[in-house]
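Enquirer: Give me coordinates for this.
(one chain, ligands or ions: 1)
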Amino acid sequence: MQTHQYEVIIVGGGGAGLMAALNASRGAKTAVLSKLYPSRSHTGAAQGGIGAALGNLEEDHPEWHTYDTVKGSDYLGDQDAIEFMCNEAVEAVYDLEHFGLPFSRTPDGRIAQRPFGGHTNNVTGKPVRRSCYSADRTGHMILQTLYQQCIKNNITFYDEFQVFDVLVANGAVAGVVAVDLATGELHVFQAKAVVFATGGFGRVWEITSNAYAYTGDGVAICLRRGIPAEDMEMFQFHPTGILKLGILITEAVRGEGGVLINGEGERFMERYAPHVKDLASRDVISRAIYMEIRDGRGINGKNYLYLDARPETINKYAEADGRTRPDGTPYRVTGEEILSKIPDIADFCRTYLSVDPIKDPMPVQPTAHYAMGGIPTDVYGRVLVDDKNTILPGLYAAGECACVSVHGANRLGTNSLVDILTFGKHAGLNAAEYVKGTDFQNLPEDAAGFTMAQIDQMRNGDGTEKVAELAQEMKREMFNNVGIFRSEAGLKAAYKKIQELRERFTHIRVQDQGKIFNTELINAWELGNMLDLALVVTESALARTESRGAHAREDYPKRDDANWLKHTLAWLKDGQVTLGYKPVTITKYQPKERVY
Ligand SMILES: Cc1cc2nc3c(=O)[nH]c(=O)nc-3n(C[C@H](O)[C@H](O)[C@H](O)COP(=O)(O)OP(=O)(O)OC[C@H]3O[C@@H](n4cnc5c(N)ncnc54)[C@H](O)[C@@H]3O)c2cc1C
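Expert: Prediction:
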């Protein structure tokens, strides 16, 4: 077993991890550990853009961005953190520009911006152009740009190192334990500070836009070490995944004028959100789609609808809406213009559906997309371990695995890329600052013991259960009973099922005894993580007897501020979930009913 020593260890090489690494490495000896080669991280899949009130095409202000985010969060977001993020967003975008990111441009050379769900002009209530983009490859460009900066700055990477455990000694962080996937060897990294930036966990659900790697490792590792997870019941379903596959069709398609059409040929969002229609926030649209399908208005009565981005459709509804270009002329598009704005989406549709999006409508259904909840942190990325916001010295988290909370019960499109840049940066800066005044903790004697025990267990079961089957059953159960709509009966059934699957998991047996890229072992361990998170999500959702943001209870259809304007904290111990709560920070905006 090899041992290494770094002042700061970053776990994850996506947008949040790379931002943290760039900023930490300026002041401390830093290394990044990533289970994927960094440029394969899910940040690279982000299409639509990054929200910042640059005001390049029309009036906009960080205050408006703040208010939209508070409202979008259904008032569960912490308003101090949201204000902090929206103010920083503008600089974050200019930082990327200076790093060399090739943004799409306006004719006069400024960064182009387009409308996105939930982002509005606060005076008129109409959609505002706030999303900065690079065609439909914004995340890809961010990831490449940040990775190039890291290489330029000689940051040390341990690629394809999967972290299994975080070590804590004397009440402070002591390091992490990782498996080198190429050799199967265990490595112990002694560190004064550890930043988790491990992304989300959408793979818990059957239909998802998330990458295979989205198995919630960071949150699960922390749960096993007694750290709670916050607001785990808040999981976003994106309205437009490619039918059956879940692959995302970005909201930018609707930003460019695409509309949702039901089986009767109706643009039904006019009924649900008369002001912003197809650009209402995601929770609202996913529920609307679900209800249309439930009421028999899916395409041919089936469980999908159309996203229509044909130029004639866009132009028809743009005319009906009175939509104009920035110079005041009517908004009209050609097929070529549409294709130039969404080239990758067009490719996906041709490849996976044999559909040409400027000639045919795209069949879509909601897809599990984004974790609003995660490891509780403050705006400096410091992990908070209880309802009194007690800090665990040396432990940081940023990006989708963290819950600051800026997204509350529902994230607005384009706000995750802002989140990873802002809080990745501050976690990195603060970790580097913290290590200056701190010594290394002595590593516990059997530093890799807990990791070994987990691996042994997966190798020594009686082999009567199969990982792939358990995974499939979990995903289906979660999609059906802990999905867009929830009820007490469904959640209780899901809880029982997940507990049953967790018991059956103790019977799996990894057959591959090899050390080199033992993906069977890794997949099994990741399923263990997902089962832990599935349990925590379900129990948190069962307790919350109200509907707020992405959490829609059929048996409690109303938001209940008197009882539920609070964050959930969930601990997992000996297979049982314990819940606690902490208040939401409200500064300027008192909760109101959301009207779109
Ligand atoms: C299809 C899609 C489109 C999206 N589009 C947008 C958009 O247009 N705008 C927007 O704002 N948001 C968008 N999002 C959301 C946003 O892209 C993500 O939330 C964000 O990029 C997550 O960044 P991250 O750095 O937290 O995680 P990631 O970029 O996923 O990085 C996670 C890293 O953690 C590493 N890791 C995980 N577990 C371990 C472990 N055990 N050991 C070591 N390393 C580990 C991985 O190797 C990876 O490098 C989209 C998401 C999806 C899925």
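Enquirer: ok, for the residue of the stretch 251-400 of the chain found nearest the ligand, nearest residue in space, not its chain neighbours?
Expert: Across the stretch 251-400 of the chain, no residue is closer to the ligand than Gly399, which sits at 2.4 Å (Cβ to the nearest ligand atom). For the C-beta atoms, the positions are set from N, CA and C on the backbone; glycine is no exception. Take Gly399 and drop its neighbours on the chain: the residue closest to it by Cβ to Cβ, 6 or more residues apart in numbering is Ala16, 2.7 Å away.
Enquirer: any bit of the helix or strand where Asp68 lies sitting next to the ligand?
Expert: In the assignment (DSSP states H and E), Asp68 maps to helix 62-72. No - Helix 62-72 lies apart from the ligand when judged by Cβ under 6 Å from any ligand atom; the minimum separation is 11.8 Å.
Enquirer: Are we agreed that Ala493 is in a strand?
Expert: No - according to DSSP: H, G, I helix; E, B strand; the rest coil, Ala493 belongs to no strand; its state is helix.
Enquirer: how about the residues of the stretch 1-150 of the chain near the ligand?
Expert: Within the stretch 1-150 of the chain, the positions adjacent to the ligand are 11-17, 33-36, 38, 41-43, 45-50, 138-139 by Cβ under 6 Å from any ligand atom.
Enquirer: Filter those down to the ones in strands?
Expert: Val11, Leu33, Ser34, Ile50 (DSSP state E).
Enquirer: I figured His275 hits Pro127, correct?
Expert: No - counting by Cβ atoms under 8 Å, His275 sits too far from Pro127 to count as a contact (9.1 Å).
Enquirer: So for the two, which sits in the more crowded spot?
Expert: Shown here are His275 and Pro127; by other Cβ atoms under 10 Å, Pro127 has more neighbours (24 against 14).
Enquirer: Break this protein down into its structural domains.
Expert: Domain ranges of the chain: 1-234+372-442+564-596, 243-365, 449-563, per automatic domain parsing.
Enquirer: rank those domains by pLDDT, which is bottom?
Expert: Sorting the domains of the chain by mean pLDDT places domain 243-365 lowest, at a mean of 93.
Enquirer: In the chain, what residue lies closest to the ligand?
Expert: Gly14 (2.0 Å).
Enquirer: ok, back up a step: neighbours of the residue of the stretch 251-400 of the chain closest to the ligand, how many?
Expert: The tally of other residues near Gly399 (other Cβ under 10 Å) stands at 34.
Enquirer: Equivalent analysis for Lys302, please.
Expert: Applying other Cβ under 10 Å, we find 12 residues neighbouring Lys302.
Enquirer: repeat for Val188
Expert: So Val188, with other Cβ under 10 Å, has 22 neighbours.
Enquirer: so where does it fall, helix or strand?
Expert: Using DSSP H and E, Val188 falls within strand 185-196.
Enquirer: Asp360 should be in a strand, yeah?
Expert: No - assessed with three-state DSSP, Asp360 is coil; it does not lie in a strand.
Enquirer: check contacts around Ile142.
Expert: Residues near Ile142 by Cβ atoms under 8 Å, 6 or more residues apart in numbering: Gly15, Thr43, Ala46, Ile50, Leu96, Leu101, Leu417, Leu421.
Enquirer: Can you select the buried ones from those in PyMOL?
Expert: The PyMOL selection below is limited to those of those classed as buried (16 or more other Cβ atoms under 10 Å):
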select buried, resi 15+43+46+50+96+101+417+421
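Enquirer: Which of the contacts of Ile142 fall in helices?
Expert: Using DSSP state H, the subset of the contacts of Ile142 located in helices is Gly15, Leu96, Leu417, Leu421.
Enquirer: which helix is the longest one in this structure?
Expert: For the chain, the longest helix by residue count, based on DSSP H, is helix 519-543.
Enquirer: tell me what that one is packed against?
Expert: helix 217-224, helix 449-460, helix 467-481, helix 488-505, strand 566-573, strand 576-583 (3 or more Cβ pairs under 8 Å, 6 or more residues apart in numbering; DSSP states H and E).
Enquirer: would you turn the ones you listed into a markdown table with mean neighbour count?
Expert: Listed next are the helices and strands packed on helix 519-543 as a markdown table, based on neighbours: other Cβ atoms under 10 Å:
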| stretch | mean neighbour count |
| --- | --- |
| helix 217-224 | 25 |
| helix 449-460 | 15 |
| helix 467-481 | 18 |
| helix 488-505 | 18 |
| strand 566-573 | 20 |
| strand 576-583 | 14 |
